[in-house]
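Trainee: Kindly generate the corresponding structure for this input.
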Amino acid sequence: MRVLVATDAWHPQVNGVVRTYERLALEAPKLGFEVSFLAPPMFRTLPCPTYPEIRLALAYPRAIARHIDDIRPDFIHIATEGPIGLMTRRYCRKTRWPFTTSYHTRFPEYVAARLPVPEDWCYGLQRRFHNASAGTFVATPSVAADLEARGFERLMPWSRGVDIELFRPRKVRLFGKAPVFLYVGRIAVEKNIKAFLDLDLPGRKVLVGSGPQARELERRYPDALFTGPKHGEDLAQAYASADVFVFPSLTDTFGLVLLEALASGVPVAAYPVSGPKDVLTDPEAGVLSLDLKEAALRALHLRKEAARAHALRYSWENSARQFIENMMAAHNLGLPQKRARFRRWRGKRSAQKKTARSGGGPGRLIFMHQFGERFGGHRVLPEMVSDLTRFKRAIQNLRAHSLTL
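Mentor: Purely as a prediction, here's the structure:
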């Protein structure tokens with residue numbers, strides 16, 4: 001079964017969205033799925049205003065349709081609300097093709113940090129974008145609760161994972177022996193990095209990453225070390241060289257870097273906001289406080305073993321399984337008219353392809369036995385449904401568990 005992910009976030013960008021979908025593509029074949037991408041490198045691009053490092057694709061309807069026809073996916077998932085996401089959504093609406101989406105970024109807050117645009121306007125646009133889907137995947141319960149209060153519908157949990165082999169405790173000190181307070185991520189105004197740099201902390205502050213605010217902050221804070229972006233082994237060594245990971249963002253929906261730091265044995269200091277408060281559920285792994293300095297100093301005394309143990313609860317395998325289960329449940333249990341369209345469409349596709357890509361038949365559908373569990377628990381149990389009778393029974397069971405899409 002082929003899944004097409006339409007995303008405006010892709011290389012050379014380095015962020016949690018890109019890393020998440022890269023890892024999904026690696027894990028999906030273990031579950032019998034192949035993930036392809038509709039991404040900016042397939043189109044001409046222009047620099048994003050106020051953030052030239054991000055390239056916006058000139059994605060036209062005909063080009064989007066041509067690429068989708070070439071890939072011939074069984075399912076379409078839209079990852080971002082940029083030009084590619086918008087044109088893919090237009091294609092799906094026009095052809096009545098069911099699709100799912102993900103809510104990765106609080107664009108209203110990001111836009112408000114740069115332009116005098118009311119957040120409610122942006123949330124209205126995002127709500128319209130996502131509510132047309134059969135299901136919107138959200139990383140944490142707090143973000144889901146906020147979006148639901150704003151009128152977003154059919155929200156579904158999709159947690160994240162971490163590479164515990166790459167990110168692990170190491171005997172390395174790239175930045176000296178003094179207490180090292182580390183930040184990793186985009187260096188941009190929406191990340192609230194100035195709040196970290198203004199803290200009066202012992203030792204050294206290190207920032208790994210790049211972004212439109214990097215040069216300005218580097219000039220204003222000469223005592224801090226700005227290393228630029230790091231990848232792979234170099235990034236893993238940077239994490240392991242720190243004593244505390246400081247996460248000053250107030251707008252992230254998850255914060256994949258939190259898991260990478262914890263897996264490296266580095267306790268976290270952060271504000272008690274969406275993302276950190278959903279990930280840092282163990283007080284031995286990190287400190288949440290409205291006083292970021294207090295949180296950073298207290299985190300210095302936490303055990304590295306506790307941070308590492310907390311990160312081990314998250315795996316990319318479980319994240320990929322949750323993504324597939326969400327997608328299958330959304331397509332088959334979404335809006336009634338979309339369910340009917342999907343059944344008709346899937347019947348035609350199955351008759352045409354037979355066993356081409358499904359391993360002996362149209363493929364067995366994966367459903368959740370208990371979809372209403374906690375977002376980060378990774379205890380979702382799949383039930384394989386192979387014929388119409390069992391399919392109907394699965395729907396009844398899910399409804400009995402008060403499934404809300």
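Trainee: Please enumerate the helices of the stretch 201-350 of the chain.
Mentor: Shown for the stretch 201-350 of the chain, the helices assigned by DSSP state H, counting those that start in this stretch span residues 214-220, 232-240, 256-263, 276-279, 292-299, 304-311, 316-333, 336-353.
Trainee: Need the contact partners of the fourth one.
Mentor: Spelled out, that is helix 276-279. Contact with helix 276-279 is made by 139-143, 247, 252, 254-255, 258-259, 268, 270, 286, 288, 375-376, as judged by CB atoms under 8 Å, 6 or more residues apart in numbering. The C-beta positions use only the backbone N, C-alpha and C, and glycine is treated the same way.
Trainee: Mind checking which of the residues you listed are buried?
Mentor: Neighbour counting over the contacts of helix 276-279 (16 or more other CB atoms under 10 Å) leaves 139-143, 247, 252, 254-255, 258-259, 268, 270, 286, 288, 375-376 as the buried ones.
Trainee: so where's the stretch 51-200 of the chain shaky on pLDDT?
Mentor: For the stretch 51-200 of the chain, the stretches with pLDDT under 70 are 51, 107-116.
Trainee: That one: helices as residue ranges?
Mentor: Counting by DSSP H, counting those that start in this stretch, one finds helices in the stretch 51-200 of the chain at the ranges 61-71, 83-95, 107-114, 119-131, 141-149, 193-197.
Trainee: export those helices to TSV and tack on distance to residue 312?
Mentor: Shown next, in TSV, are the helices of the stretch 51-200 of the chain (distance: least, CB to CB, whole Å):
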stretch	distance to residue 312
helix 61-71	36
helix 83-95	33
helix 107-114	31
helix 119-131	32
helix 141-149	21
helix 193-197	27
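Trainee: thinking again about what came up before, now, which of the buried ones among the contacts of helix 276-279 lie within strands?
Mentor: Those of the buried ones among the contacts of helix 276-279 mapping onto strands are 247, 268, 270, 286, 288, per DSSP state E.
Trainee: List the contacts of the first one.
Mentor: Applying CB under 8 Å, 6+ apart, one finds that residue 247 lies in contact with 183, 255, 257-258, 268-271, 276.
Trainee: cool, the third one as well?
Mentor: Under the criterion of CB under 8 Å, 6+ apart, the neighbours of residue 270 are 246-249, 255, 258, 276, 280, 286-288, 292, 295.
Trainee: Check the gap between the spatially closest residue to residue 38 that is not a sequence neighbour and residue 79 for me.
Mentor: Closest residue to residue 38 apart from its sequence neighbours, by CB to CB, 6 or more residues apart in numbering: residue 6 at 4.3 Å. Using CB to CB, to the nearest Å, residue 6 is found at 6 Å from residue 79.
Trainee: thinking again about what came up before, got the contacts of residue 270 as TSV, with distance to residue 75 and pLDDT columns?
Mentor: As requested, the contacts of residue 270 are exported to TSV (distance: CB to CB, whole Å; pLDDT from 0 to 100):
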residue	distance to residue 75	pLDDT
246	39	98
247	33	98
248	37	97
249	32	94
255	27	91
258	29	97
276	32	95
280	33	95
286	36	97
287	41	98
288	37	98
292	42	98
295	41	98
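Trainee: any idea which of those is the one closest to residue 328?
Mentor: Set against residue 328, the nearest of the contacts of residue 270 by CB to CB is residue 255 (27.4 Å).
Trainee: Now do the same contact list for the closest one.
Mentor: So residue 255 contacts 16, 247, 249, 270, 275-276, 279 (CB under 8 Å, 6+ apart).
Trainee: Just the buried subset of these, please.
Mentor: Buried members of those, scored by 16+ other CB under 10 Å, are 16, 247, 249, 270, 275-276, 279.
Trainee: So which elements touch the longest strand anywhere in the chain?
Mentor: The strand that spans the most residues within the chain, counting by DSSP E, is strand 51-57. On a contact count with 3 or more CB pairs under 8 Å, 6 or more residues apart in numbering; DSSP states H and E, strand 51-57 meets strand 45-48, helix 83-95.
Trainee: Just the buried positions in it, please.
Mentor: For strand 51-57, the neighbour count (16+ other CB under 10 Å) marks 51, 54-57 as buried.
Trainee: Quick check: residue 181 touching residue 208?
Mentor: No - if you go by CB atoms under 8 Å, residue 181 and residue 208 don't touch, sitting 12.0 Å apart.
Trainee: ok, those two, which is more surrounded?
Mentor: Remark: of residue 181 and residue 208, residue 181 carries more neighbours, 26 against 21, as counted by other CB atoms under 10 Å.
Trainee: who are the neighbours in contact with the more buried one?
Mentor: 196, 199, 201, 203-206, 242-246, 269, 296.
Trainee: ok, it to residue 248 distance?
Mentor: Counting by CB to CB - residue 181 and residue 248 are separated by 11 Å.
Trainee: Can you pull the residues that touch both of those two?
Mentor: Contacts common to residue 181 and residue 248, judged by CB under 8 Å, 6+ apart, are residue 196.
Trainee: Can you give me the domain boundaries for the chain?
Mentor: Domain segmentation of the chain under automatic domain parsing yields 2-161+316-341, 180-311.
Trainee: now those as CSV including distance to residue 170?
Mentor: Converted to CSV, the domains of the chain look like this (distance: least, CB to CB, whole Å):
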stretch, distance to residue 170
domain 2-161+316-341, 20
domain 180-311, 4
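Trainee: And the ones you listed: which comes nearest residue 169?
Mentor: Smallest distance to residue 169 across the domains of the chain (CB to CB): 3.5 Å, for domain 180-311.
Trainee: CA atoms only for stretch 223-230, dumped as PDB, please.
Mentor: The C-alpha trace of stretch 223-230 is given here as PDB (Å, rounded to 0.1, in the frame of the first residue of the first chain):
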ATOM      1  CA  ASP A 223      29.500  35.200  25.500                       C
ATOM      2  CA  ALA A 224      27.200  32.500  24.100                       C
ATOM      3  CA  LEU A 225      28.600  29.900  21.600                       C
ATOM      4  CA  PHE A 226      26.700  29.600  18.300                       C
ATOM      5  CA  THR A 227      27.900  26.500  16.600                       C
ATOM      6  CA  GLY A 228      25.600  26.600  13.500                       C
ATOM      7  CA  PRO A 229      23.700  23.500  12.400                       C
ATOM      8  CA  LYS A 230      24.900  20.000  13.300                       C
END
